[in-house]
Structure formats: C-alpha cells, structure tokens
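Novice: take this sequence and fold it.
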Amino acid sequence: MDKDKIRRSASGFLYYSELPPGFRVATIEDFISNGYRKIDMKFLIQWVDDASFYQICFVSKNLTRAILNPHLKDKRVFVCDES
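Specialist: Residues are numbered from 1 along each chain as shown. The predicted model follows:
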C-alpha cells in the first residue's frame with residue numbers, strides 16, 4: 001500500500017480517500033488459505049456512508065464470515081490483486 005496516501009481520521013482510523021491502484025473487489029475466498037484465515041492480511045472496506053473512505057483493516061482471529069459477508073455482498077471490500 002502506498003503509505004504516502006494513508007490518512008488518519010479524527011477517530012484514529014487509517015484510510016485512503018480513494019481506492020489505491022492494484023486493488024480489486026474481494027471475495028470470501030481471498031480471506032482463506034488451506035481452510036484457514038489469512039491472519040494479518042491487509043484489506044480495505046469502503047464505508048457505506050462515505051464513499052471516499054476506504055478503511056485499512058487486517059484479518060484477525062475475530063473476523064468471521066458473518067462480519068464480512070454484508071460488506072462483500074455490497075462489493076465494498078477490496079484486496080490487493082496478487083495476480
């Protein structure tokens with residue numbers, strides 16, 4: 001990720017004001033490798049109430065399909081395209 005364009009909100013969230021180059025819409029498969037979550041993998045979630053706010057997030061043990069699915073369904077989750 002281009003650290004020069006990372007911003008910090010008044011609430012302390014790290015974000016981009018536009019989708020960085022090289023990112024694509026994510027699928028649930030992007031978060032799993034060999035049946036396990038990709039712990040510490042970076043991803044972005046575009047806020048529903050502010051389309052120019054792409055929050056920087058990391059996969060953790062607490063991240064579940066139930067948390068991600070609504071965002072994935074709305075195509076607001078982005079991962080770095082490794083292809």
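
Novice: would you check how far apart the residue of the chain most remote from its centre and Ser60 are?
Specialist: Here the chain reaches farthest from its C-alpha mean at Asn34, the gap being 20.4 Å by Cα atoms, centre = their mean. The gap separating Asn34 from Ser60 is 18 Å, by Cβ to Cβ, to the nearest Å. Placement of C-beta: from N, CA and C, glycine included.

Novice: same question, Ile39
Specialist: For Ile39, the distance to Ser60 - Cβ to Cβ - is 7 Å.

Novice: what of Ile45?
Specialist: Relative to Ser60, Ile45 is positioned 14 Å away (Cβ to Cβ).

Novice: the two - which one has more neighbours?
Specialist: In this view Ile45 and Ser60 are compared by other Cβ atoms under 10 Å, and Ile45 has more residues nearby, 19 against 11.

Novice: partner residues bridging that one?
Specialist: Counting by DSSP bridges, Ile45 is bridged to Gln55, Val77.

Novice: enumerate every residue touching it.
Specialist: Tyr54, Gln55, Cys57, His71, Arg76, Val77, Phe78 (Cβ atoms under 8 Å, 6 or more residues apart in numbering).

Novice: a markdown table for those residues, including pLDDT and neighbour count?
Specialist: Shown next, in a markdown table, are the contacts of Ile45 (pLDDT from 0 to 100; neighbours: other Cβ atoms under 10 Å):
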| residue | pLDDT | neighbour count |
| --- | --- | --- |
| Tyr54 | 97 | 24 |
| Gln55 | 97 | 16 |
| Cys57 | 97 | 18 |
| His71 | 96 | 18 |
| Arg76 | 98 | 18 |
| Val77 | 98 | 24 |
| Phe78 | 98 | 21 |
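
Novice: local confidence estimate at the residue most central in space within the chain?
Specialist: Most central in the chain under Cα atoms, centre = their mean is Leu44, positioned 2.1 Å from the mean C-alpha point. Looking at Leu44, its pLDDT reads 98.
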